[in-house]
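Asks: Following is a predicted model, sequence given first.
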Amino acid sequence: MGSTRLPGKVMMPLGDRTVLGHVLARCKSIKSADAVCLATSTLVQDDAVAEEGHRDGVTVFRGDESDVLSRYYEAARRLGADEILRVTADCPLIDPQVCDAVIATRRNAHVDYACNFSPKSFPHGLDCEAFTMDALRRAQENSNSAYQREHVTVWLFESAIVSRANLLNEGPDASRHRWTLDTREDYCFLSKVFSDYLGTDSSTDWRELLHRIEAQSPLSEQSAS
């Protein structure tokens with residue numbers, strides 16, 4: 001809830017759900033995921049976030065506001081996780097099939113960590129990362145800077161002892177499109193997408209959505225701004 005650029009953004013309405021509600025619904029559609037866990041802070045202002053998680057029937061874990069890495073680690077440890085997929089709560093268009101593909105990429109390549117943004121080829125807002133519990137434990141033990149602790153996977157992304165893989169979009173590069181929520185302009189764009197194209201539907205393939213957006217010049221320009 002404490003976003004500086006757009007306070008309370010994850011609880012803003014999109015159709016008949018909140019931004020967070022859409023994220024959780026889409027995460028529950030990831031076939032490779034055995035559980036969905038909402039890891040929020042212990043701050044009073046994030047009570048609303050935790051309540052949304054309980055309403056949506058996912059596991060809720062609350063931890064340190066700034067040390068997000070420890071929050072992830074303790075949440076995963078409490079769940080007994082062997083593998084973790086990281087999705088951020090400001091991406092209401094996160095695609096379950098892309099998430100499944102990133103998980104499969106890590107497993108098939110037998111690596112510690114996989115993502116879909118190094119290099120970028122998907123719209124910003126479909127980003128996700130899959131990594132093993134052992135890799136997360138090593139990040140927890142070796143991440144020393146405040147930046148590493150806040151951004152969770154920095155050590156995994158940069159360490160020479162971590163094996164990595166990346167999922168590329170098989171079609172044209174779509175990385176110029178912005179589908180995440182950080183600003184009021186982002187919210188106006190996402191509100192238009194949900195009201196005109198999606199509603200509460202979480203099954204629309206991202207490529208079909210991109211086709212619909214690109215067919216509308218003003219909306220396409222806003223997406224690619």
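Replies: That came through fine.
Asks: Any figure for the gap between L93 and P7?
Replies: Distance, L93 to P7, by Cβ to Cβ, to the nearest Å: 21 Å. Just so you know, the C-beta spots here come from the backbone N, C-alpha and C atoms, and that holds for glycine as well.
Asks: Which one's more surrounded, these two?
Replies: L93 (22 against 11; other Cβ atoms under 10 Å).
Asks: I'd like to know how many residues surround the nearest residue to that one once chain neighbours are set aside.
Replies: Counting by Cβ to Cβ, 6 or more residues apart in numbering, the nearest residue to L93 once its immediate chain neighbours are dropped is W179, at 4.7 Å. For W179, the neighbour count with other Cβ under 10 Å is 25.
Asks: From P92, how far off is W179?
Replies: In terms of Cβ to Cβ, W179 sits 8 Å off from P92.
Asks: do the same with T4
Replies: In terms of Cβ to Cβ, T4 sits 20 Å off from P92.
Asks: what do you get for G8?
Replies: For G8, the distance to P92 - Cβ to Cβ - is 14 Å.
Asks: try L14
Replies: Taken as Cβ to Cβ, the span from L14 to P92 is 6 Å.
Asks: Mind listing the shared neighbours of those two?
Replies: Shared contacts of L14 and P92, defined by Cβ atoms under 8 Å, 6 or more residues apart in numbering, are found at H22, L190, F194.
Asks: Which one of the residues you listed sits in the busiest neighbourhood?
Replies: Neighbour max across these (other Cβ under 10 Å) = L190, 25 neighbours.
Asks: Contact partners for that one?
Replies: L14, V19, P92, L93, W179, L181.
Asks: Check which residues of the lowest-mean-pLDDT helix or strand in the chain are buried.
Replies: None of the helices or strands of the chain scores lower by mean pLDDT, DSSP states H and E than helix 217-223, at a mean of 78. Using 16 or more other Cβ atoms under 10 Å as the test for burial, helix 217-223 gives L219, Q222, S223.
Asks: Show me which of these is closest to R106.
Replies: S223 (28.4 Å; Cβ to Cβ).
Asks: in the protein, which spans are helices?
Replies: All helices of the chain, identified by DSSP state H, fall at 19-27, 47-55, 68-79, 96-109, 133-142, 146-151, 154-158, 184-193, 206-214, 217-223.
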